[in-house]
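1. Turn this into a structure:
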Amino acid sequence: MLVLLTFAIASSGDADLGGAWDLRRDERGLTWIELEYRLGDHDHNQIDFRLDESRTSGLTAILDDAGGKAGEFTILRDAGRLVCEGWFRGGRGSGQFVFIPDAGFTRGISARGFDAPTAEEQFQLAVGDVSFELVDELDAQGYEQPTMHQLVRLGTHGVNLRYVRGLEAEGYRAENVDQLIRMRDHGVTPEFIRGVRDAGYTSLSSEELVRVRDHGVTPEFIRGMAAAGYEPADIETLVRARDHGVTPEFVTGMAAAGYGGNLETLVRARDHGVSADFAKAIAGVGLADLSFADLVRMRDHGVTPEFVRGMHEQGFPSATAEELVRARDHGVTPDYVRELHEAGLANLTLDKVIRMRDHGISPEFVAGMKEN
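-> Sure, this is the predicted structure:
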């Protein structure tokens, strides 16, 4: 995982290329390091990446020290060394680092057809682990030779040798290095590709993978929908479902409430606020075996379980879903009916109550007429 942030800070006038570092070893034994550094007078950068300890010097022994001590280790890159000094204790450490450029790097990169990097570019190539192996791998895979600026961007966006080879192992080669960066930025990793393929979608383009990832259609989501009985041939159907909040949990909840149907029907229900809880509650007040269309219409018109229960209590226990929708649309509420009863009007049909409401006959009007 890599994060890159850029924001303005004041210049301190320090010409050295370097900055601060913070390191941690996680519960899986993987080592992660965060580097913060400034370029020029205005750019402050932060980069977080997994550290390959085999390409460091002096780290392993000092990082495992449980007592705490000052020390130094070096991150080895083709472009140069990042020499880190600081304090270490129990799998964590922090301190300052400086960059020492490799004198032979310019010769090696120039031999591969690139212009000589500036001091800042060489520093960024080291921080981003843009190695000769990566450059050679891009060439071997048939990528058009990137510019020096693109090489720097590859590194700062986390496109390293492991990522490029991982994509190839999964059968993917981006159209160009900018597409590589786009895929990496959007979280399309070899692991993600493998997961999507294993879940049944084997022929997605790199741009489709980006879209799927952006919309939260993960391998876990795909497997969850399949377990709930939905395995559409077109992954775009799953993208639409995910966009509209139709999750495996929503699908299984609706099925438990007695409502299946195709994904388009479930999308419409979700869009209109019909949930499993709503369907169960409506059934719980006596309106069972309704269609999806009935539930959607009731939800749209404000016929809630509370409304239905109230109308039952006021003498309409047999009212259908459509009759309740009509009553709600005309402003007939349980309170209105109760107040009519209190004013002395009992045994009214629902149709008559609706006509009274339409004509503006209020409980106060009825009470006044009785007094006169």
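2. got the residue ranges for the strands in this protein?
-> Along the chain, counting by DSSP state E, strands occupy 4-8, 18-25, 31-39, 43-51, 56-57, 69-76, 80-89, 92-101.
3. Where does the record place the domain boundaries for this structure?
-> As assigned by automatic domain parsing, the chain contains the domains 4-128, 215-284, 301-372.
4. So for residue 314, which of the strands of the chain sits nearest?
-> strand 4-8 (60.8 Å; CB to CB). Yep, even glycine has a C-beta here, placed from its N, CA and C like the rest.
5. if you average pLDDT over that closest one, what comes out?
-> Averaged across strand 4-8, the pLDDT comes to 35.
6. Got phi/psi on the nearest residue to residue 185 once chain neighbours are set aside?
-> For residue 185, ignoring the flanking residues on the chain, the nearest one in space by CB to CB, 6 or more residues apart in numbering is residue 157 at 5.9 Å. Dihedral pair for residue 157: phi -100, psi 10, per degrees, to the nearest 10.
7. Number of residues surrounding residue 157?
-> Neighbourhood size, residue 157 [other CB atoms under 10 Å]: 20.
8. Please list all residues in contact with the residue nearest to residue 102 when sequence neighbours are not counted.
-> Nearest residue to residue 102 in three dimensions, chain neighbours excluded: residue 80, at 4.5 Å (CB to CB, 6+ apart). Residues near residue 80 by CB atoms under 8 Å, 6 or more residues apart in numbering: 99, 100, 101, 102, 105, 122, 123, 126.
9. Mind listing the residues bridging to residue 80?
-> residue 101 (DSSP bridges).
10. Please report how far it lies from residue 356.
-> Separation of residue 80 from residue 356 (CB to CB, to the nearest Å): 88 Å.
11. same check, this time on residue 65
-> 86 Å.
12. Pull out the buried residues from stretch 245-259.
-> 246, 247, 248, 250, 251, 252, 253, 254, 257, 259 (16 or more other CB atoms under 10 Å).
13. Next: stretch 109-119.
-> Per 16+ other CB under 10 Å, stretch 109-119 contains these buried residues: 109, 114, 117.
14. show me what contacts the closest residue to the first one other than its chain neighbours?
-> Once flanking residues are discounted, residue 109 sits nearest to residue 117: 6.7 Å by CB to CB, 6+ apart. With CB under 8 Å, 6+ apart as the criterion, the residues that contact residue 117 are 79, 105, 106, 109, 125, 148.
15. Which ones among those residues lie within helices?
-> 105, 106, 109, 125, 148 (DSSP state H).
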